[in-house]
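>>> only geometry, no sequence info:
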């Protein structure tokens, strides 16, 4: 899935002010999904920022299962995960699963063949920057289809939200920007002026307290239709 990097530049005065106020730099991944109930999850959080802070990660994907409750402010603990590629299907049974090539193209499909409910989603990245980027309910006999989007959302916040925390509103100023046409981006942050990408069309400023689910885990009618067709086919085969 490739290698990505983002450089965040800040003045010395901004870095000092951020440390004094206890700000955290938060990163979120972006997906489209077949379920309105999909929620964003804090992917990475750090206070190790400098005047030039470089975030790097890979697009490696894993489908995961969790027994955690899907509630705002709750933390998703990954209980099982399996490396996956686009177009593959993870068939779940009794808390584990088997990957096959029977999924929806350009997406990750996760099917629950049991009657036990789970939370599911995608883990993205490779060590040490690895963690869940979304959380969806996976009910008994249910199917979720998730499409990763080459974008990232960065947010400065004084609230400590550990990776895996379900967050549906921004807790500070943020910026959403696409990496669809470039795997490297450079943006800036100022303690008073906020985020800037020099007016580039691939960047979107997001104010504090903005709803994040539509931006980061947006519902896709096409993926929902694909999920319906796949479940109908599976029921026919049974």
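Cool, the structure landed. Just so you know, these numbers come straight off a predicted model, no measurement behind them.

>>> worst-scoring helix or strand of the protein, pLDDT-wise?
None of the helices or strands of the chain scores lower by mean pLDDT, DSSP states H and E than strand 129-132, at a mean of 81.

>>> what helices or strands is whichever strand in the chain runs longest leaning on?
Secondary structure of the chain per DSSP state E: the longest strand is strand 143-157. Counting contacts by 3 or more C-beta pairs under 8 Å, 6 or more residues apart in numbering; DSSP states H and E, strand 143-157 packs against strand 3-9, strand 24-33, strand 108-112, strand 118-126, strand 134-138, strand 174-178, helix 221-237. To be clear about C-beta, it is placed using only N, CA and C from the backbone, and glycine gets the same treatment.

>>> avg pLDDT for the longest one?
In this model, helix 221-237 has a mean pLDDT of 84.

>>> give me the buried positions along that helix.
For helix 221-237, the neighbour count (16 or more other C-beta atoms under 10 Å) marks 223, 226, 227, 230, 234 as buried.

>>> any chance of these in CSV, plus distance to residue 204?
Formatted as CSV, the buried residues of helix 221-237 follow (distance: C-beta to C-beta, whole Å):
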residue, distance to residue 204
223, 22
226, 27
227, 28
230, 32
234, 38
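
>>> tell me the one among the residues you listed nearest to residue 159.
Residue 159 has its nearest neighbour among the buried residues of helix 221-237 in residue 223, at 31.2 Å by C-beta to C-beta.

>>> could you report the separation of the closest one from residue 46?
Look at residue 223 and residue 46: by C-beta to C-beta, to the nearest Å, they are 32 Å apart.

>>> could you do residue 180 as well?
25 Å.

>>> ok, residue 116 next?
Applying C-beta to C-beta to residue 116 and residue 46 gives a distance of 35 Å.

>>> same check on residue 115?
Using C-beta to C-beta, residue 115 is found at 40 Å from residue 46.

>>> and what of residue 216?
Distance, residue 216 to residue 46, using C-beta to C-beta: 19 Å.

>>> so those two - more neighbours on which side?
With neighbours defined as other C-beta atoms under 10 Å, residue 216 and residue 46 compare such that residue 216 has more, 28 against 13.
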